[in-house]
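**Q** Just the structure for this:
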Amino acid sequence: MACAGAVMVGLAVYATMLEDSNENRFRVAFFPNVAHAIPVIGMEMGSFERSIGEEVNLEVRLFDSGPQAIEALFSGSIDMAYVGPGPAINGFLKSTDGSVRIISGAASGGSSFVIHPDSQIAQASDLHNTRISAPQIGNSQDISLRHYLAQHNLVPAEKGGSVTVLNIANPDTYTLFVKGEIDAAWVPEPWATILVEELNGHRLFHEEELWEDGMFASVVLVARQQFVEENPETVSAWLKTHNSTAHWIRENPTEARELFNKYVESELGRAFPDGIIDIALQNIHFTTDTVSTSIDVFAERADALGYLGRNGYNLEGLYMISGSP
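**A** Model prediction:
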């Protein structure tokens, strides 16, 4: 599994690149991880290509972080992206006139707080003088971890406290876990399950246990407003397949795992163990619901952490469905 992790480090490459004219292009980005199973499986089944038609040149790009995908939206090099709520909020607030907007939900849940087997952490009060990893600063797991620390009067080391927060890529978390150089990790699937099943980590809790009704947005679909307005039929066709794929995954978990791993193996060179993906899929609810109340909470938490600037924030206009505000 370490090899699979290694090939994901620094991933920001094309998965499919059609050498056609710039006309009728549709460029979408997502990550090769389980929470992004809707686009991964939909692409493997060929559903999205069929839905948008042969006259549209579909380009797929794989990224390894939400902030990277948002920057690509800003630059106009992609039209749509599957990202976490943290990057989606930042993208909307930092884009010109809110031109990066949410058009659908994609997944709920799928993050866990995993404790190293040699650590004695059993509750929040045990986190003093520990080293904890989370993915890139400002992403959803980072926001959740730092909020959790604040809730329990724990202060990160960079602010004079005793908890060292390491913002590192998930494969690097795996490496540090192996070496015993971190005490815990707040990570998404399948990495949470990998740390538990392969490295004997202890899942202190699934993040959804901390949320009302056990639901929180972990992946949403965002798009450039201009693209949506200029290509309503293409976007509508994509969303229709997006919706049907979410339903199909829920109804066909074994087949979903097979298709997910087939895609990952073809793009990254090595699949995840079947057992890992089976567990990871069970820990995620694939839904087109944006779980908007949780996005509001993420924004409040990100603002409290100073991630949204000094002038406050306004999420009015964040959602755009099929070209209609």
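**Q** Which strands or helices does the longest strand belonging to the chain pack on?
**A** Identified as the longest strand of the chain according to DSSP state E is strand 100-109. Judged by 3 or more C-beta pairs under 8 Å, 6 or more residues apart in numbering; DSSP states H and E, the packing partners of strand 100-109 are helix 37-45, helix 66-75, helix 85-94, strand 217-224, helix 225-230, helix 232-251, strand 284-285. Yep, even glycine has a C-beta here, placed from its N, CA and C like the rest.
**Q** Past that strand, which element shows up next along the chain?
**A** Scanning forward in sequence from strand 100-109 by DSSP states H and E, the next helix or strand is strand 111-115.
**Q** Beyond that following strand, next helix or strand please.
**A** As the chain continues past strand 111-115, the following element, by DSSP H and E, is strand 131-134.
**Q** Give me the contact list for that following strand.
**A** Applying C-beta atoms under 8 Å, 6 or more residues apart in numbering, the contact partners of strand 131-134 are 141-142, 145-146, 163-168, 172-173, 176, 181-187.
**Q** Please name the strands paired to it in the sheet, noting orientation.
**A** strand 164-167 (parallel), strand 184-188 (parallel) (DSSP bridges).
**Q** Need these in CSV (columns: mean pLDDT and distance to Gln136).
**A** Converted to CSV, the strands paired with strand 131-134 look like this (pLDDT from 0 to 100; distance: least, C-beta to C-beta, whole Å):
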stretch, mean pLDDT, distance to Gln136
strand 164-167, 97, 6
strand 184-188, 97, 12
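**Q** which of these is buried the deepest?
**A** strand 184-188 (a mean of 27; mean count of other C-beta atoms under 10 Å).
**Q** about what we covered before: out of the helices and strands packed on strand 100-109, nearest to Pro117?
**A** With C-beta to C-beta, the closest approach to Pro117 among the helices and strands packed on strand 100-109 belongs to strand 284-285: 24.4 Å.
**Q** Does anything pack onto that closest one? Which helices or strands?
**A** So strand 284-285, by 3+ C-beta pairs under 8 Å, 6+ apart, packs with strand 100-109.
**Q** Tell me the gap between the strand it packs on and the middle of its chain.
**A** 10 Å (C-alpha atoms, centre = their mean, to the nearest Å).
**Q** try stretch 228-238
**A** Distance of stretch 228-238 from its chain centroid, counting by C-alpha atoms, centre = their mean, is 23 Å.
**Q** For that stretch, list the C-alpha coordinates in PDB.
**A** Extracted C-alpha coordinates of stretch 228-238, given in PDB (Å, rounded to 0.1, in the frame of the first residue of the first chain):
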ATOM      1  CA  VAL A 228     -23.000  26.800 -16.500                       C
ATOM      2  CA  GLU A 229     -24.800  29.700 -18.000                       C
ATOM      3  CA  GLU A 230     -23.300  29.200 -21.500                       C
ATOM      4  CA  ASN A 231     -23.700  25.400 -21.500                       C
ATOM      5  CA  PRO A 232     -26.900  24.600 -19.700                       C
ATOM      6  CA  GLU A 233     -27.600  21.400 -21.700                       C
ATOM      7  CA  THR A 234     -24.200  19.900 -21.000                       C
ATOM      8  CA  VAL A 235     -24.300  20.800 -17.300                       C
ATOM      9  CA  SER A 236     -27.900  19.400 -17.000                       C
ATOM     10  CA  ALA A 237     -26.800  16.100 -18.700                       C
ATOM     11  CA  TRP A 238     -23.800  15.900 -16.300                       C
END
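**Q** Show me what it is in contact with.
**A** Residues outside stretch 228-238 that contact it (C-beta under 8 Å, 6+ apart) are 26, 28, 48, 51-53, 56, 79-80, 101, 103, 223, 227, 320, 322-323.
**Q** Just among those residues, which is most surrounded?
**A** Counting neighbours by other C-beta atoms under 10 Å, Ala223 leads those with 26 neighbours.
**Q** Can you pull the phi/psi pair for Ser162?
**A** The phi/psi pair for Ser162 (degrees, to the nearest 10) reads phi -110, psi 0.
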